[in-house]
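In: Please work out how this folds:
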Amino acid sequence: MLTLTLSAIADMPDDAVMLERLHVKVQKPSHDVGWNTVRHEASARSQIEGRIAERQRDVQRALESYLAAVEADPANGAAWSGLARLASRLGDAPLAARAWYHRLLCCPEDVQALEINATAAMLDDRPREAAAYLIRRRRCAPEETSKESAPWDILLAQALRQVGLAQEAGMYEREPLAVLRRHAAIDPGDGAHRAEWIYLLQALVDQRAYEVVRELAAIRRFQAMLPAPGDRGRFASVAITMDALLQDDQSSAELIEAMEENDVRLLESFRRPMDIAAAYAAAANIHATLGHRDGAERLYRKALIINPSNALALNNLGYAILEHSGPTEEAASLIERAWAEVPEDAATLDSLGCLRLQQGRLADDANGLGAVTVLRRASRLANEQDPLILKHLGDALWASGDHIEGRRLWRLALGTLTHPDFMRNQMRIYSRVQSDDWGVSVMPARSLYDLEFGVMEDRLRADLMRRWSGQLPETD
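Out: Have a look, this model is predicted:
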């Protein structure tokens with residue numbers, strides 16, 4: 001167990017003084033907390049019924065019971081805790097936030113409630129309140145180790161910086177960072193420490209301490225004794241994911257170059273070493289998914305320098321150039337080469353179909369297949385369930401003069417995109433990608449869904465409206 005040094009304790013600001021400087025009043029319960037036997041007993045019964053129903057997985061009855069409990073007695077902290085727990089499990093963020101807030105009013109020294117309210121305050125751009133919650137948390141958890149308190153002191157430092165108290169922030173942050181750096185290097189790679197580090201890094205990501213997570217993941221990857229290849233892949237992937245959020249592709253490239261040639265591993269493919277080109281392409285995909293398009297293009301180019309036949313890098317870089325610059329000679333070359341490597345890949349055929357569409361090559365001719373044929377093949381390979389391919393096929397059919405079939409494909413694409421089953425399946429995929437490929441969850445699955453499909457629905461509706469004027473629809 002690591003403890004704070006005497007010099008670090010001496011340098012630490014006084015928590016009580018800091019609370020006064022923040023000018024945040026501790027909220028008092030607004031409800032009447034006076035004793036009422038009938039109301040109290042009714043609330044206690046409902047709270048117990050809610051707990052029993054929750055254990056029996058009867059969600060509706062548990063929810064109704066907890067709501068009845070807090071309505072009968074708003075000072076029932078246990079009922080607010082149960083309601084917060086259940087609402088979080090159901091994904092009802094507003095109800096969970098309200099419940100945790102009231103739990104804290106009832107139980108001002110509840111460490112978990114202080115942590116959750118502090119995190120919510122930071123995400124809502126209320127750093128002064130967050131700092132006050134976290135200082136209170138420090139005073140309520142004096143027995144925890146320095147490693148356990150470190151993530152919360154780092155968040156406290158972030159909050160203090162945002163309210164202009166940079167010097168004090170550094171005092172709170174210096175020792176926790178040193179503790180975590182040391183543990184990242186010396187903690188063994190057993191199952192217990194694996195679970196501890198997964199939890200710790202996720203907590204820091206939730207607090208948006210991306211630079212800290214990036215540094216710790218790299219230390220863990222290169223300095224700790226990690227016999228399990230999955231752990232080495234995990235920490236490398238976490239570091240690259242932080243780079244993508246920080247829009248720093250150069251650090252991702254340096255991390256890949258620092259790996260031993262026979263131990264290049266990312267979480268998505270940790271069982272056997274990857275070739276370096278594949279690692280660059282996988283890192284580029286992470287950057288692209290998280291919106292760092294320019295960095296992704298640079299990483300794809302690095303992959304192609306090492307392996308000019310990497311189909312993933314060829315296709316994704318070619319399509320990116322096609323989207324931004326049109327059917328340039330480079331875009332055409334990259335996509336054609338990707339197609340030569342994987343002629344029956346739906347995504348590559350979709351790129352090729354878009355290229356043919358933008359080149360004006362709609363029908364088959366002496367030079368090869370046209371956009372319609374290529375995109376029909378891509379759609380068949382995707383079982384006519386990929387809305388982007390369906391939209392592109394509709395674009396090609398419309399451009400070729402088959403307006404009826406083009407509109408049918410747009411309607412099918414729109415119907416697929418807006419179908420609840422499609423969204424649920426995509427959300428599961430995004431959740432799995434974050435846990436199984438990146439090693440941390442960086443945003444709600446719905447946010448990743450919106451990044452990929454956010455504008456497509458509007459475009460499809462606009463294309464269908466254009467049927468009255470006969471205008472050519474927008475192409476991706």
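
In: Please pull out the lowest mean pLDDT helix or strand from the protein.
Out: One helix or strand of the chain scores below all others by mean pLDDT, DSSP states H and E: helix 6-11, with a mean of 44.

In: what's the following helix or strand after that helix?
Out: helix 15-22 (DSSP states H and E).

In: other SSEs contacting the following helix or strand past that next one?
Out: As assigned by DSSP H and E, the chain's next helix or strand after helix 15-22 is helix 37-55. Counting contacts by 3 or more CB pairs under 8 Å, 6 or more residues apart in numbering; DSSP states H and E, helix 37-55 is packed against helix 59-72, helix 77-90. Glycine gets a C-beta too; all of them are placed from N, C-alpha and C.

In: Helix 37-55: which residues count as buried?
Out: The neighbour-count check on helix 37-55 (16 or more other CB atoms under 10 Å) flags 39, 42, 43, 44, 46, 47, 49, 50, 51, 53, 54 as buried.

In: Repeat that for stretch 75-91.
Out: So stretch 75-91, judged by 16+ other CB under 10 Å, has buried residues 75-88.

In: can you check stretch 266-278 too?
Out: Going by 16+ other CB under 10 Å, stretch 266-278 has these buried residues: 266, 267, 268, 269, 270, 273, 274, 276, 277, 278.

In: what does stretch 423-443 give?
Out: Neighbour-count burial for stretch 423-443 flags 426, 430, 433, 434, 437, 438, 439, 440, 441, 442 (criterion: 16+ other CB under 10 Å).

In: what's that stretch in contact with?
Out: Stretch 423-443 is contacted by residues 198, 201-202, 205, 213, 217, 234-235, 237-238, 241, 245, 266-268, 286, 289-290, 445-446, 448-449, 452-453 when judged by CB atoms under 8 Å, 6 or more residues apart in numbering.

In: picking up where we left off before, mind giving me a markdown table with the buried residues of stretch 266-278 and columns for distance to residue 118, pLDDT and secondary structure?
Out: Shown next, in a markdown table, are the buried residues of stretch 266-278 (distance: CB to CB, whole Å; pLDDT from 0 to 100; DSSP: H, G, I helix; E, B strand; the rest coil):
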| residue | distance to residue 118 | pLDDT | secondary structure |
| --- | --- | --- | --- |
| 266 | 33 | 95 | coil |
| 267 | 30 | 91 | helix |
| 268 | 33 | 88 | helix |
| 269 | 37 | 82 | helix |
| 270 | 34 | 83 | coil |
| 273 | 42 | 92 | coil |
| 274 | 39 | 93 | coil |
| 276 | 42 | 96 | helix |
| 277 | 43 | 97 | helix |
| 278 | 41 | 96 | helix |
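
In: Quick one: those as TSV, columns for distance to residue 391 too.
Out: Compiled in TSV, the buried residues of stretch 266-278 are given as follows (distance: CB to CB, whole Å):
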residue	distance to residue 391
266	31
267	32
268	28
269	31
270	35
273	39
274	33
276	35
277	31
278	30
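
In: which among the residues you listed gets closest to residue 344?
Out: Closest approach to residue 344 among these (CB to CB): residue 278, at 20.0 Å.

In: list the contacts for the closest one?
Out: Per CB under 8 Å, 6+ apart, neighbours of residue 278: 269, 303, 307, 310, 312.

In: Which one (most neighbours) among the residues you listed?
Out: Neighbour tally across those (other CB atoms under 10 Å): the maximum, 26 neighbours, falls on residue 303.

In: Same question for the helix or strand containing it: list its buried residues.
Out: Using DSSP H and E, residue 303 falls within helix 293-306. Within helix 293-306, the residues that qualify as buried are 295, 296, 297, 298, 299, 300, 302, 303, 304, counting by 16+ other CB under 10 Å.

In: How much space separates the first one from residue 286?
Out: Here the distance between residue 295 and residue 286 works out to 10 Å (CB to CB, to the nearest Å).

In: next one: the fifth one
Out: Distance of residue 299 to residue 286, given as CB to CB: 9 Å.

In: Nearest to residue 411 among the buried residues of stretch 266-278?
Out: Checking the buried residues of stretch 266-278 against residue 411 with CB to CB, the nearest one is residue 268 at 35.4 Å.

In: Next, residue 363: secondary structure please.
Out: With DSSP: H, G, I helix; E, B strand; the rest coil as the basis, residue 363 sits in coil.

In: Now it: phi and psi?
Out: In terms of degrees, to the nearest 10, the main-chain angles of residue 363 are phi -100, psi 160.

In: contacting residues for the nearest residue to residue 302 once chain neighbours are set aside?
Out: Ranked by CB to CB, 6 or more residues apart in numbering and with sequence neighbours excluded, the top spatial neighbour of residue 302 is residue 280, at 4.7 Å. Going by CB under 8 Å, 6+ apart, residue 280 touches 253, 256, 299, 300, 302, 303, 306, 313.

In: Relative to residue 143, which of these is nearest.
Out: residue 256 (42.0 Å).
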